[in-house]
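1. got a predicted model here, sequence first, then my questions.
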Amino acid sequence: RAVDMAWSRWRDRRTANAEGASCSLRLRRRGTLLLLLALFLLGPFLLDFLVLAFDEEDGPLQEVAEPFVADVGVRGERIVAIGDLSSASAPCVLEVAGLCVTPGFIDIHTHSDISVLYNPQQTSALAQGVTTQVVGNCGITMGLITEEPIFSYERRWLAPHGVRVTWEGRLARFHERVLEQGVATNMIPQVGHGTLRK
């Protein structure tokens with residue numbers, strides 16, 4: 001019922017749009033109907049993770065551009081359902097009524113390629129909702145350094161934590177080491193011009 005009401009509101013708001021919009025609505029509605037059919041047929045086996053926030057008093061979904069109250073169903077690494085999922089189940093359920101749920105944020109300027117080898121949990125980033133970090137900023141790339149004296153400036157952040165440079169200035173080997181030990185966020189590496197020139 002909530003999904004039907006949300007679609008009705010969405011359709012009513014969009015009727016003034018150009019002809020192409022009605023085709024887009026039909027395609028989106030078909031996709032949603034297929035998703036709902038899959039949820040009905042597969043039931044509790046579809047979701048790996050469920051975030052419950054839907055409250056009957058708050059009503060159904062509102063316009064997409066505005067915040068709205070809904071549950072979120074996740075399978076693997078993808079959001080597969082949004083709406084009233086109170087009848088669904090999953091191995092992991094978070095009760096977040098009254099809180100905000102957003103996709104993870106991307107921090108485009110971090111130096112976590114320095115700390116990732118001694119702090120793979122990256123709790124300071126995760127506490128702020130950051131799930132992806134762009135590293136290698138300000139001309140410094142830890143993945144390109146070696147044990148040579150010219151890289152003493154970069155190594156000064158690693159030495160107090162007992163991190164030894166074993167990747168021999170090869171970015172691919174640095175990434176292998178990070179992946180071997182694990183890291184809590186996604187990382188997008190850049191090649192820092194200062195380190196590269198050395």
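-> Now that the structure is in, tell me what you want to look at.
2. use CA for all of it now, contacts and neighbours both
-> Fine.
3. for the strand or helix carrying Ile82, packing partners?
-> Using DSSP states H and E, Ile82 sits in strand 78-83. If you count contacts as 3 or more C-alpha pairs under 8 Å, 6 or more residues apart in numbering; DSSP states H and E, strand 78-83 packs onto strand 71-75.
4. mind doing that once more with 10 Å?
-> helix 2-14, helix 19-42, strand 49-52, strand 71-75 (3 or more C-alpha pairs under 10 Å, 6 or more residues apart in numbering; DSSP states H and E).
5. just the C-alpha atoms of that strand, please, in PDB.
-> The C-alpha coordinates for strand 78-83 follow below in PDB (Å, rounded to 0.1, in the frame of the first residue of the first chain):
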ATOM      1  CA  ARG A  78      23.800  -3.400  -3.100                       C
ATOM      2  CA  ILE A  79      20.700  -1.800  -1.900                       C
ATOM      3  CA  VAL A  80      17.900  -3.900  -3.300                       C
ATOM      4  CA  ALA A  81      14.800  -2.500  -1.600                       C
ATOM      5  CA  ILE A  82      13.600   0.700   0.000                       C
ATOM      6  CA  GLY A  83      10.200   1.100   1.600                       C
END
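6. what lines up beside the next helix or strand after it in the sheet?
-> Counting by DSSP H and E, the next helix or strand C-terminal to strand 78-83 is strand 92-95. Using DSSP bridges, strand 92-95 pairs in its sheet with strand 49-52 (parallel).
7. next, Asn186: phi, psi?
-> phi -80, psi 150 (degrees, to the nearest 10).
8. now the strand holding Ile82 and strand 71-75, what's the angle there?
-> 150 degrees (axes from the mean of the first three to the mean of the last three C-alpha atoms, to 10 degrees).
9. and strand 78-83, what's buried?
-> By neighbour count with 16 or more other C-alpha atoms under 10 Å, strand 78-83 contains the buried residues 80-83.
10. now these in CSV, with distance to Gln122 and pLDDT?
-> As requested, those are exported to CSV (distance: C-alpha to C-alpha, whole Å; pLDDT from 0 to 100):
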residue, distance to Gln122, pLDDT
Val80, 27, 89
Ala81, 28, 88
Ile82, 28, 88
Gly83, 31, 87
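11. out of those, the closest to Leu171 would be?
-> Proximity of those to Leu171 (C-alpha to C-alpha) peaks at Val80, which lies at 34.9 Å.
12. before we move on, back to that, present the buried residues of strand 78-83 as CSV; the columns should include distance to Gly104.
-> Shown next, in CSV, are the buried residues of strand 78-83 (distance: C-alpha to C-alpha, whole Å):
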residue, distance to Gly104
Val80, 16
Ala81, 17
Ile82, 16
Gly83, 19
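13. what is the nearest of those to Val163?
-> Closest approach between those and Val163, by C-alpha to C-alpha: Val80, at 40.4 Å.
14. how near is that closest one to Glu168?
-> Distance of Val80 to Glu168, computed by C-alpha to C-alpha, to the nearest Å: 42 Å.
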